[in-house]
Every structure is written in structure tokens, then in C-alpha cells.
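Novice: Sharing a sequence plus its predicted fold:
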There are 2 protein chains.
Amino acid sequence: MDPFEDAGVYHLNADMSLVQTVDFFPPLVDDPFTFGQIAAANSLSDVYAMGAQPISALNIVGFPDKDLPSEILCDILAGGADKVREAGAALLGGHSVRDAEIKYGLAVTGTVHPDRIICNNAAQPGDVLILTKPIGSGVLTSAAKSDKILQEDLAEAIAVMTCLNRGACEAMVEVGVHSATDVTGFGLLGHAFEMASGSGVSITLRANDVPLLQDTLKFASQGIVTRAHKASLQYLADRLRVEGVDETLVNVLADAQTSGGLLIAVEAEKADALVKLLKQKNTPIAAVIGEVKSARDQAIILR
Amino acid sequence: MDPFEDAGVYHLNADMSLVQTVDFFPPLVDDPFTFGQIAAANSLSDVYAMGAQPISALNIVGFPDKDLPSEILCDILAGGADKVREAGAALLGGHSVRDAEIKYGLAVTGTVHPDRIICNNAAQPGDVLILTKPIGSGVLTSAAKSDKILQEDLAEAIAVMTCLNRGACEAMVEVGVHSATDVTGFGLLGHAFEMASGSGVSITLRANDVPLLQDTLKFASQGIVTRAHKASLQYLADRLRVEGVDETLVNVLADAQTSGGLLIAVEAEKADALVKLLKQKNTPIAAVIGEVKSARDQAIILR
């Protein structure tokens, strides 16, 4: 049992498993309501990544009530509640503590049939890899923090981060896929590595096919990335082989994402049908970005 | 929906409801393992108070990893895991953030048959009130914080705070009771008031029958109580009538408890059987402390 895993499964009976996860973090955008939406979408995402349906959520709040007006907290909670409602889940309560800085997130419970849990360690050679959201939220929110980008130019990133992975989950459940994970703190490369190593396969990613948020490369080339990209690349070390991909793009693909998309491994014959259905279900940028191969020297080949 | 409620119920199907709660707070004792045990017992308590069986838990952690060695965090998590195991629940994961001070607790899920949920708003006139743990943890941990008491003299308080309300829950479920709540942040008087006002009844408490931890009155008479007692008394205001009870004792009975006992309303005919069963189930101090009456001018009468 690793106490730092982000999601767990409890088999309630022959027909139902609970999928449970908790996540919370400090604000990464200025607007409290938007921050609440992003934090909630991010917390709900782990449940969607396993093919489960969120049913309930609890608020987790740290707030400096002596320094900030309570309206800010109300707006954050309203943003979170908005996304919980959109997910069709019930907000059952929560806990708040006085804190030096704002923190917000959810503990989420989802349900799924035990036979239909989608794990991140079940990709099979021959599968195609599909990503459901563009990469770049770490770079762009970092740029905003250092005032390199106007809040209004964050609109695309905010739209992506507030978007629930609900449609992506419904599409992959409907089509039937082998494996999935959501792209968050370890970046696309880190989460792809988890899938490869858990599944005992190698994953080839085509860097230029990965959809990026606008201006991501521009800021990344100025060195604006979250520090998480370094940790991910160090962790991957020689399990990653890079073939002719620019260092800036490698850093972007290793960089932390907030409320990122699903990375889905689906058998090649079903890939077109899945992309088509994803585009119908609120996931317009769904893109095929690589393939699963049998295990070889490197777990991840980025070309 | 009050986002600051501490527990919620989700009706899964005709045979099963989920009871969900989250709680976490900074250390109140020096030993990390003991703190982990107390925080976990406290988080599990809300589930027991509703007559439910904990099935799963997620760790919630704030930790200053730059200032403190990671062994401290490991010990806290080990203490929490110890109590989750004792509760028969599965620790499914969790989330940690870098924080200015240590915080720890659990998000807990329990199950109960929808017809057998024990609410805090269902006390009936004629019921007897039973408390399953002594009062005083707020006073004694405050005394320890200001070095008025040696850590070894906290042993009784620690034994009480680390004790799961599991036995108390099993006993009340077996005997069958009308209503229950656990005594935590609002103190005995505050939680009794919630029961009285939710149930539309009045509650009479006999101050001298309430079991206290050793030296609680001694320290309280020196003004050592948590600030929560004031908030509770202000909140109660004229809904509380005090008849000839010393102010120090009133403050103690309004003071915040950590991982406090259950306050149970049971019909008078069953009270002896419940006390007897509680004493067999790891709850030696279970005491009858008052009665439920039909609604009158004051919700709580303390005499």
C-alpha cells in the first residue's frame, strides 16, 4: 500500500466497486470561482480515468480567514459545487481548516461494475494511444503567475482545465478500451511511463502529434515550466529514449498538468470509432498520439 | 446543503447507504504515531456515530517537508493506518501537500442499511442520554501545549482519544437506540444542543454525572480551555439554562473535544442493557448523564 497513490478501489459486492480519490492544491488562477471549478474537475478526473461514475464528493478546504474575505471562499466552493453538479454527483459535506494559504479540492467517490474497471496497467501491444486534452496547463499557469500572460489569454487553458473528463469517460466505456489514466502531476511522459511499466509494454509517442495549448512552446522556450518537469525526467532517466525531439518540447511533455485529459490505450481497430465518439462528447481535440509495442529496452520512445 | 457539515449520507440502493466524512487538523500531542492514531480515530468517529461500519479511508496530509524529517510523516501515517486497520477498513490512498504546519486526517466511507442509520435528530421525550467517553481532552491537550502538564500525565487523555468508537457503535446498534452524535468541536453542550434542536425536544443534563478526565477541573479553573468553549456558549446563548452549576464546569462541558465519545439517546427501558453492553465493549466509563423531555423554553437545561 503506497499512501501517496491518488485513487483506490474498494470491491463492495459482485456488482459494484467504489473508486475513491482525494486531491487539493493552492489556486493557480486569480478568479476564485474558476479555481473551484478547476480543482473539482481535477479531483473528479481520477474517477473518470477508471471508467467510473462519480456519485459523491466532500469539500477539503484550507483558508486564511483572518486575511481574506469569506466571499472568496464562497466563490471557490460555488465553483466546486458547479462541477460536482455537472458530474451528477452529490456534495455531501466537507472539512475546512484555518490555513496560511488557500487550498481546495475534493474527496470523490465513484461507482463502477467490478468487471468494467479501466486500469492504467492493461495496455496491450498493438493498441493505439489517444489523448483527450491538449498539453500546456502547467506552462501557461506558470506564465500567468509570473505575469508573462494576461488572465484573458489564459481562457483556452481555463476552458481545458474546467472541462470534466466525463465525456471522455463515457466514450471510452461505450467503445471499450484496454487501459486509461489521467494526465496530471507527472506530465504526459510520466503518466505514459506508468502505463507502460505497469502493463509490461513499451509506448511510442509522436511528439508532433500531441496537441498543445496556444503559446505553450513560446513560454516553455523562455524556461517557463513547472519544476515538476525536472522530477519527471529524472524519474524516467534511461527508461525514456528521445529521438530527434527538441528539448523544449520534451520539457513540455514532461511538465505537470492540472485537470489534464485522459490517455487511453485502445485496440487499433476501435481507434477511429473512439476518436469520432470523443469528438461528439465534448472532447474536440482528441488525438491519436502513439502506439503500444511489446516491451523493449526503453519503456517510452518519444520521436 | 451546508458545505461545513462533517458527515453525509448517500443512498446507494435499497440495501445500502454510504456514510462519508472528512476531518483533519494539526498535532495536539508530541508523539507522531499517537497523533496519527488520534486523528484517525477522530475521523472514523463520525461514521460510528451514525451506526455505520467504516469500509475505506483516504489519508489527507499537510507536511513541511523542508523543515521536518520524513520519518515524522511516516510515523503519523503508521498511527493512522493502525487505527484504520483496527476499524477493519481499507486504506485506499490519499493526498499530501507541502504545508507550513503538519496536518493529518482521513476521508472515511462507511456502509449502513438505509433503515438502520442513526441520526442526531431523532431523540424522543422519555429517552435517557448516555455518554461513552469522559470529557476533558480539550483542556488537557491545551495544558500540555502550555507545558502545564507532562506528556506522561496525558496518558489517560491519549487512551481516550485513541480509542475507537467502534465498540460503542456496535453496542448501540445491537440494543437499538433512537439517536446519537459524537462529541467533538462544539463540546458536549453544543452537540447536545444539535440533538435537542434537530429532534424538537429539550435535553436535561446532570453536570455532576458527566465523567471527566483527571485534572480537567483543576486546569480549567486556571482558565485553561480551548477557545471553542466561548464560541459554543455564545452560540447556545439563551437556549441553555444553567441551574446552580459552577462556571468552570460549564466551560468544560462546552469545550471542544477531540475524538470524543458518543452521546446516545435510548429509550429508558433499554438504558441498563445498553450501559452493560457498552462496558463489555471497550467502553468502561459509559454513564447515564441526562434525559430527553418534550420541548420547552430552553433546549438544554444543565443542572
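Specialist: Received it, and whenever you're ready, just let me know what you need.
Novice: how about low-confidence regions in the stretch 201-303 of chain A?
Specialist: Applying pLDDT under 70 to the stretch 201-303 of chain A picks out no residues at all.
Novice: Just want the phi and psi numbers for the residue of it at minimum distance from chain B.
Specialist: Of all residues in the stretch 201-303 of chain A, residue A:227 sits closest to chain B, at 11.9 Å by CB to the nearest CB. C-beta coordinates here come from the backbone N, C-alpha and C atoms, glycine included. The phi and psi torsions at residue A:227 (degrees, to the nearest 10) take the values phi -70, psi -10.
Novice: Same check on residue A:20?
Specialist: The phi and psi values for residue A:20, taken as degrees, to the nearest 10, are phi -130, psi 140.
Novice: where does it land on pLDDT?
Specialist: pLDDT for residue A:20: 96.
Novice: can I see the domain layout of chain A?
Specialist: A:8-116, A:127-302 (automatic domain parsing).
Novice: And the ones you listed: which comes nearest residue B:184?
Specialist: domain A:8-116 (11.3 Å; CB to CB).
Novice: so where does residue A:219 fall, helix or strand?
Specialist: helix A:216-221 (DSSP states H and E).
Novice: hey, C-alpha coordinates of the next helix or strand after that helix in CSV?
Specialist: Heading C-terminal from helix A:216-221, the first helix or strand you meet, by DSSP H and E, is helix A:228-236. The C-alpha trace of helix A:228-236 is given here as CSV (Å, rounded to 0.1, in the frame of the first residue of the first chain):
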residue,chain,number,x,y,z
ALA,A,228,7.7,19.1,-11.9
HIS,A,229,9.1,18.5,-15.4
LYS,A,230,12.6,18.0,-14.0
ALA,A,231,11.4,15.5,-11.4
SER,A,232,9.6,13.6,-14.1
LEU,A,233,12.6,13.5,-16.5
GLN,A,234,14.9,12.4,-13.6
TYR,A,235,12.4,9.7,-12.6
LEU,A,236,12.2,8.4,-16.2
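Novice: And helix A:228-236, what does it pack against?
Specialist: In terms of contacts (3 or more CB pairs under 8 Å, 6 or more residues apart in numbering or on different chains; DSSP states H and E), helix A:228-236 is packed against helix A:187-199, helix A:247-254.
Novice: buried stuff in it?
Specialist: Under the neighbour-count criterion of 16 or more other CB atoms under 10 Å in any protein chain shown, helix A:228-236 has A:228-229, A:231-233, A:236 buried.
Novice: Given the helix or strand following it, what are its sheet partners and their directions?
Specialist: For helix A:228-236, the following helix or strand on the C-terminal side (DSSP H and E) is strand A:240-242. Strand A:240-242 has its sheet partners listed here by DSSP bridges as strand A:300-302 (parallel).
Novice: chain center to the partner strand: distance?
Specialist: Chain-centre distance of strand A:300-302: 20 Å, with CA atoms, centre = their mean, to the nearest Å.
Novice: Equivalent analysis for stretch A:125-137, please.
Specialist: Computed by CA atoms, centre = their mean, the chain-centroid distance of stretch A:125-137 equals 11 Å.
Novice: is it true that residue A:57 touches residue A:43?
Specialist: Yes - using CB atoms under 8 Å, residue A:57 makes contact with residue A:43 at a distance of 7.2 Å.
Novice: who touches both of these two?
Specialist: By CB atoms under 8 Å, 6 or more residues apart in numbering or on different chains, residue A:57 and residue A:43 have these common neighbours: A:106-108.
Novice: circling back: pick the most buried one from the helices and strands packed on helix A:228-236.
Specialist: Sort the helices and strands packed on helix A:228-236 by mean neighbour count, taking mean count of other CB atoms under 10 Å in any protein chain shown, and helix A:187-199 sits at the top with a mean of 24.
Novice: what packs against it?
Specialist: Packing partners of helix A:187-199 (3+ CB pairs under 8 Å, 6+ apart): strand A:179-182, strand A:201-205, helix A:228-236, helix A:247-254, strand A:262-267, strand A:287-294, strand A:300-302.
Novice: how does it look with 6 Å?
Specialist: Judged by 3 or more CB pairs under 6 Å, 6 or more residues apart in numbering or on different chains; DSSP states H and E, helix A:187-199 is in contact with strand A:179-182, strand A:201-205, helix A:228-236, helix A:247-254.
Novice: Could I get the ones you listed in a markdown table, plus columns for distance to residue B:216?
Specialist: Output for these, formatted as a markdown table (distance: least, CB to CB, whole Å):
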| stretch | distance to residue B:216 |
| --- | --- |
| strand A:179-182 | 49 |
| strand A:201-205 | 61 |
| helix A:228-236 | 48 |
| helix A:247-254 | 56 |
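Novice: For residue A:151, which of these is the nearest?
Specialist: That would be helix A:247-254 among the helices and strands packed on helix A:187-199, by CB to CB, at 21.3 Å.
Novice: and residue A:180, what is it in contact with?
Specialist: Contacts for residue A:180 (CB atoms under 6 Å, 6 or more residues apart in numbering or on different chains) come out as A:49, A:118, A:262, A:264.
Novice: For the residue of the stretch 101-250 of chain A found nearest chain B, which non-adjacent residue is spatially closest?
Specialist: Closest residue of the stretch 101-250 of chain A to chain B, CB to the nearest CB: residue A:107 (3.8 Å). In space, and not counting its chain neighbours, residue A:107 is closest to residue B:107: 3.8 Å by CB to CB, 6 or more residues apart in numbering or on different chains.
Novice: which residue lies farthest from the center of chain A?
Specialist: For chain A, the residue at maximal distance from the C-alpha centroid (CA atoms, centre = their mean) is residue A:66, at 33.0 Å.
Novice: what's the spacing between it and chain B?
Specialist: Distance, residue A:66 to chain B, by CB to the nearest CB, to the nearest Å: 14 Å.
Novice: how far away is the closest residue to that residue other than its chain neighbours from residue A:263?
Specialist: Nearest in space to residue A:66, with sequence neighbours left out and distances taken as CB to CB, 6+ apart, is residue A:98 at 7.5 Å. Remark: distance between residue A:98 and residue A:263 (CB to CB, to the nearest Å) = 38 Å.
Novice: When these two are compared, which one has more neighbours?
Specialist: A count of neighbours by other CB atoms under 10 Å in any protein chain shown puts residue A:263 above the other of residue A:98 and residue A:263, at 27 against 12.
Novice: Residue A:181 is in contact with that one, correct?
Specialist: Yes - taking CB atoms under 6 Å as the definition, residue A:263 is a contact partner of residue A:181 at 5.4 Å.
Novice: So for the two, which residues contact both of them?
Specialist: Counting by CB under 6 Å, 6+ apart, the contacts common to residue A:263 and residue A:181 are residue A:191.
Novice: which residue ranges form the helices in chain A?
Specialist: A:32-49, A:70-86, A:137-145, A:155-162, A:166-175, A:187-199, A:216-221, A:228-236, A:247-254, A:268-280 (DSSP state H).
Novice: Could you list every helix and strand in contact with the last one?
Specialist: With contacts defined as 3+ CB pairs under 6 Å, 6+ apart, the packing partners of helix A:268-280 are helix A:166-175.
Novice: for the second one, same thing?
Specialist: Using 3+ CB pairs under 6 Å, 6+ apart as the contact criterion, the neighbours of helix A:70-86 among helices and strands are helix A:32-49.
Novice: Likewise for the longest one?
Specialist: Helices and strands touching helix A:32-49, as assessed by 3+ CB pairs under 6 Å, 6+ apart, comprise strand A:16-25, helix A:70-86, strand A:103-112, helix A:155-162, strand A:179-182.
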